[in-house]
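1. just need the structure, nothing else, for what follows:
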Amino acid sequence: MALRACGFIVFRRLASCVPPDNIEYLLLQTSYGQHHWTPPKGHVDPGEDDLTTALRETKEEAGLGEEQLKVVDGFLQELRYKVRGKPKEVLYWLAELRDTGTAVTLSDEHQDYRWARLEEACTLAQHKDLQDTLRAASTHLQDKKQ
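-> The predicted model follows:
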């Protein structure tokens with residue numbers, strides 16, 4: 001059975017820029033391993049549903065709670081890959097930060113964070129499946145505007 005994790009692609013809209021360049025995505029840099037960049041996510045606890053996991057992990061890892069996020073309808077991406085030879089599934093929802101001035105508070109699992117526009121976020125993400133997920137989020141947001 002695959003290890004399961006859930007999280008959010010968190011974004012904010014900048015009032016000072018013109019769409020689609022007004023959207024920045026939150027990425028966290030791990031404090032372990034190869035210090036990779038990823039959206040907030042984490043493992044599902046026993047008896048916990050996936051969306052609850054995503055909300056809990058985003059609060060734990062970035063200090064952003066349900067009251068600071070607006071979940072975007074109609075977006076859910078599933079990634080499947082192997083970690084040290086074992087299968088892993090990750091579900092990502094999309095959420096907008098309600099107040100762009102809200103501070104990110106990192107847990108011990110991360111050493112840095114960055115708000116990045118799509119192309120920079122994809123460069124930081126490194127893995128194609130995560131890059132594809134970020135691009136799908138961007139497309140979803142553009143489609144919702146039209």
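2. neighbours of residue 108, just the number please.
-> Counted with other C-beta atoms under 10 Å, the neighbours of residue 108 add up to 8. Every C-beta, even on glycine, is put in place using the N, C-alpha and C of the backbone.
3. surely it touches residue 31?
-> Yes. With contact defined as C-beta atoms under 8 Å, residue 108 and residue 31 form a contacting pair (6.6 Å).
4. return the residues in contact with the closest residue to residue 88 other than its chain neighbours.
-> Distances taken as C-beta to C-beta, 6 or more residues apart in numbering place residue 3 nearest to residue 88, at 4.6 Å, with adjacent residues excluded. Listed by C-beta atoms under 8 Å, 6 or more residues apart in numbering, the contact partners of residue 3 are 43, 83, 86, 87, 88, 89.
5. check pLDDT for those and point me to the minimum.
-> Across the contacts of residue 3, no position has a lower pLDDT than residue 83, which has 82.
6. ok, it to residue 61 distance?
-> 17 Å (C-beta to C-beta, to the nearest Å).
7. and what of residue 134?
-> With distances taken as C-beta to C-beta, residue 134 is found 17 Å from residue 61.
8. mind checking the SS state of residue 114?
-> strand (DSSP: H, G, I helix; E, B strand; the rest coil).
9. what about it, how many residues nearby?
-> Residue 114: 15 surrounding residues under other C-beta under 10 Å.
10. isn't it right up against residue 39?
-> No. Contact criterion C-beta under 8 Å: residue 114 and residue 39 do not qualify, at 11.3 Å.
11. common neighbours of these two, please.
-> Common contacts of residue 114 and residue 39, defined by C-beta under 8 Å, 6+ apart, comprise 26, 27.
12. and the longest strand along the chain, what's buried?
-> Ordering each strand of the chain by length in residues (DSSP state E) puts strand 69-83 first. Buried residues in strand 69-83, counted by 16 or more other C-beta atoms under 10 Å: 69, 72, 75, 77, 79.
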